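[1] have a look at this fold, sequence not included:
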């Protein structure tokens, strides 16, 4: 019931956004047409979903978070021990602007459409026991007013009819990952997460987050779940960083 009420609230917010006086496209700021909601026709046409290709599904190393194309990661981690990750888009225009508007301008009405795109990225991978999300530190959540990953997870939970649970908590305040790179991201998250009093033994868990850049955050959460007996763990993000050409 609570989940149903949550999605109803999100959809009402989206409806309010649609019937409000038309402003500009979130992607390019050009005037919106009568049949457009948050993106103009040109920006919608420019969308390139990864779920129409093989790029949206990746394996990331359990040891370092790097993507694995072969049998082993550069650090020595084996592919069979990797986590499956799914992303709907690359973190590039206009999707990057949508995400920033969702997070920093509190346009939470976007969650309904964004969660639909994330579900498409899963394709037929739906056999999860529970959906969870990357937690925010309580102080940061109070400042923003919401956790965008939690909103997306709850929308996906309702649509797939899979329970959503808050399993992990932030154990200390950390710097924003977006301001860091490489080793600093990994060091920033050392002992940053703790388990709540939840039994995850042998459970198939889907971790939801908005963006995957280096994979550090997801790996930190996934490894914690594994240490506590979880079964298969996968991750789903709206967007991911584009692969660097080697």
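    Yep, that arrived. Values in this document were obtained by computation on a predicted structure and should not be read as measured data. Residues are numbered from 1 along each chain as shown.
[2] please enumerate the helices of the protein.
    2-19, 41-46, 95-104, 111-122, 138-144, 148-160, 183-188, 216-227 (DSSP state H).
[3] residue 73 is nearest to which of those helices?
    Closest approach to residue 73 among the helices of the chain is made by helix 216-227 (11.5 Å; C-beta to C-beta). C-beta: built from backbone N, CA, C; applies to glycine.
[4] not counting its neighbours along the chain, what's nearest the most centrally placed residue in the chain?
    Centroid check for the chain by C-alpha atoms, centre = their mean gives residue 209 as the closest residue, at 2.4 Å. Excluding the flanking residues, the one nearest residue 209 by C-beta to C-beta, 6 or more residues apart in numbering is residue 134, at 4.4 Å.
[5] next one: residue 231
    Per C-beta to C-beta, 6+ apart, closest to residue 231 is residue 202, 4.5 Å.
[6] give me the below-cutoff pLDDT ranges for the chain.
    Counting by pLDDT under 70, the chain has low-confidence residues at 1-22, 173-190, 244-246.
[7] OK, contacts around the residue nearest to the centre of the chain?
    133-134, 149, 217-218, 235-237 (C-beta atoms under 8 Å, 6 or more residues apart in numbering).
[8] out of those residues, which comes closest to residue 194?
    residue 134 (13.3 Å).
[9] separation between that closest one and residue 55?
    22 Å (C-beta to C-beta, to the nearest Å).
[10] the two: who's more crowded?
    residue 134 (24 against 16; other C-beta atoms under 10 Å).
[11] who's in contact with that one?
    Contacts of residue 134 by C-beta under 8 Å, 6+ apart are 149, 168, 207-209, 217-218, 221.
[12] next, format those residues as CSV and append distance to residue 74.
    Listed next are the contacts of residue 134 as CSV, based on distance: C-beta to C-beta, whole Å:
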residue, distance to residue 74
149, 28
168, 27
207, 23
208, 27
209, 23
217, 20
218, 18
221, 22
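[13] residue 243: which of those residues is nearest?
    Distances from residue 243 to the contacts of residue 134, taken by C-beta to C-beta, are shortest for residue 218, at 16.3 Å.
[14] spatially nearest residue to that closest one, not counting backbone neighbours?
    residue 235 is the one closest to residue 218 (C-beta to C-beta, 6+ apart), at 4.6 Å.
[15] same question for residue 138.
    Residue 138 sits nearest to residue 170 (C-beta to C-beta, 6+ apart), 7.3 Å away.
[16] with residue 93 instead?
    Going by C-beta to C-beta, 6+ apart, residue 93 has residue 27 as its nearest residue, at 6.6 Å.
[17] the one you found is in contact with residue 37, isn't it?
    No - checked against C-beta atoms under 8 Å, the pair residue 27 and residue 37 is beyond contact range at 11.7 Å.
[18] the more surrounded of these two?
    For residue 27 and residue 37, the more surrounded residue by other C-beta under 10 Å is residue 27, and the numbers stand at 21 against 17.
[19] residues contacting the more buried one?
    Counting by C-beta under 8 Å, 6+ apart, residue 27 has contacts 39-40, 43, 46, 93-94, 97-98.
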